[in-house]
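Asker: my questions concern the predicted model and sequence given below.
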Amino acid sequence: MDNKDDQLKVSILSSGSTGNVTYIETPQRKILVDAGLSGKKIENLMKNIGRDLTEVDDLLVTHEHTDHIKSVGVLARRYHNLNIYANKLTWQAMLPKIGKVPENQQQIFDTGSFKELGDLDVQSFGVSHDAVDPQFYEFQHAGKTFVILTDTGYVSERLSAEINDADAYLFECNHDVEMLRMGLYPWPLKQRILGDKGHLSNEAGADGLMSVIGNRTKKVFLGHRSLHNNMKELCHLTVSSMLKEHDYGVDHDFKLYDTEPDDASPLMII
């Protein structure tokens, strides 16, 4: 008989070009992935889902860009029991930006490696992005799997095979290509975003999702939406329409959820 208390729970506290934080909970473990907002904002978003940062055991960092590490140093110095995980190159790139982090809190999580954090199994995987060694994570507990994949220029066949058929995904749909091309960003920045080490567009995000969604998949969070080059309704409509055109059961087999840069999603059972 299943233990109803033995569950994997997730809240997307913040997702977007201005900041990213995800909260994951099991009976034995409470973790954050990235800390791309101020410490105060993260504290308030945690309170909004009925949780407190003092309870968090681990902080996993994906890469050294500011919208993912803004308060890593602050949280380390404020919460002394917080273990902070990143790979070696990310630590080297991140430390000059975040200030002093006590050595006993600095933990190494190599790209492509596996760790058991209490009752939560975590597999890291590399992505194609313009950071020194960007990696994201797959989380498993009690037969359920949740995958975070944002900040990548493309989804390779190898990566699709590694993370396919998860129960839930936080998946990048960063920009609308035409909005980006017609927008005010300088051309080199547009080229960077559109490149193989940039970000997934709404269409590319939909393509990536079609390469990983399986029979187990029930929840898809559309993440890392650009503040200037996308709109929530356009993102949702584009992804939903493309999936439906290819006979994926949107709103039947699984549900698409929008994420917000400054409003936590409800704490959901995966």
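Answerer: Nice, thanks for sending it over.

Asker: all helices of the stretch 1-150 of the chain, in order?
Answerer: In the stretch 1-150 of the chain, the helices defined using DSSP state H, counting those that start in this stretch lie at 39-48, 66-69, 72-78, 88-98.

Asker: name the residues of the first one that are buried.
Answerer: Under the neighbour-count criterion of 16 or more other CB atoms under 10 Å, helix 39-48 has 39, 41-43, 45-46 buried. (Each C-beta comes from the backbone N, C-alpha and C, glycine too.)

Asker: do the same with the second one
Answerer: Taking 16+ other CB under 10 Å as the neighbour-count basis, helix 66-69 is seen to contain the buried residues 67-69.

Asker: which ones are touching residue 123?
Answerer: 113-114, 137-138, 140 (CB atoms under 8 Å, 6 or more residues apart in numbering).

Asker: quick one: buried ones out of the residues you listed?
Answerer: Among the contacts of residue 123, those buried by neighbour count (16+ other CB under 10 Å) are 137-138, 140.

Asker: which one of these sits closest to residue 94?
Answerer: Closest to residue 94 out of the buried ones among the contacts of residue 123 is residue 137 (16.4 Å), distances taken as CB to CB.

Asker: does that closest one touch residue 63 like I think?
Answerer: No. Between residue 137 and residue 63 there is no contact under CB atoms under 8 Å: 11.7 Å.

Asker: count of neighbours near residue 155?
Answerer: Taking other CB atoms under 10 Å as the neighbour definition, residue 155 ends up with a count of 23.

Asker: the closest residue to it other than its chain neighbours: which element?
Answerer: Nearest residue to residue 155, sequence neighbours excluded (CB to CB, 6 or more residues apart in numbering): residue 208, at 3.8 Å. Secondary structure assigned from DSSP states H and E places residue 208 in helix 202-212.

Asker: list the buried ones in that helix?
Answerer: Buried positions in helix 202-212, judged by neighbour count with 16+ other CB under 10 Å: 202, 204-210, 212.

Asker: what's it in contact with?
Answerer: With contacts defined as CB under 8 Å, 6+ apart, helix 202-212 is touched by 147, 149, 154-155, 157, 160, 163-166, 169, 171-177, 200, 220, 222, 230, 234-235, 238-239, 242-243, 246, 248.

Asker: narrow those to those in helices?
Answerer: Helix and strand membership here follows DSSP state H; of the contacts of helix 202-212, those in helices are 157, 160, 163, 177, 234-235, 238-239, 242-243.

Asker: which one of those residues is nearest to residue 6?
Answerer: Among the ones in helices among the contacts of helix 202-212, residue 163 lies closest to residue 6 (CB to CB), at 23.2 Å.

Asker: was I right about the closest one contacting residue 138?
Answerer: Yes. The pair residue 163 and residue 138 passes the contact test of CB under 8 Å, sitting 5.8 Å apart.

Asker: number of residues surrounding residue 218?
Answerer: Taking other CB under 10 Å as the definition, residue 218 ends up with a neighbour count of 14.

Asker: first-to-last residue distance for stretch 93-108?
Answerer: 14 Å (CA to CA, to the nearest Å).

Asker: buried sites along it?
Answerer: The neighbour-count criterion (16+ other CB under 10 Å) identifies 93-95, 98, 101, 105, 107 as the buried residues of stretch 93-108.

Asker: centre of the chain versus it, how much separation?
Answerer: Here stretch 93-108 shows a centroid-to-chain-centroid distance of 21 Å under the convention CA atoms, centre = their mean, to the nearest Å.

Asker: so what sits opposite residue 24 in the bridge?
Answerer: Note on residue 24: beta-bridge partners residue 10, residue 31, judged by DSSP bridges.

Asker: what sits against it?
Answerer: Residues touching residue 24, when contacts are defined by CB under 8 Å, 6+ apart, comprise 8-10, 30-33, 120, 139, 146.

Asker: between which two of these is the distance greatest?
Answerer: Distances among these were taken as CB to CB; the most separated pair is 8 and 32, at 15.0 Å.

Asker: sorry, back to before: rebuild the helices of the stretch 1-150 of the chain as TSV, extending it with distance to residue 265 and mean pLDDT.
Answerer: TSV is the format used below for the helices of the stretch 1-150 of the chain (distance: least, CB to CB, whole Å; pLDDT from 0 to 100):
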stretch	distance to residue 265	mean pLDDT
helix 39-48	10	98
helix 66-69	18	98
helix 72-78	21	98
helix 88-98	26	98
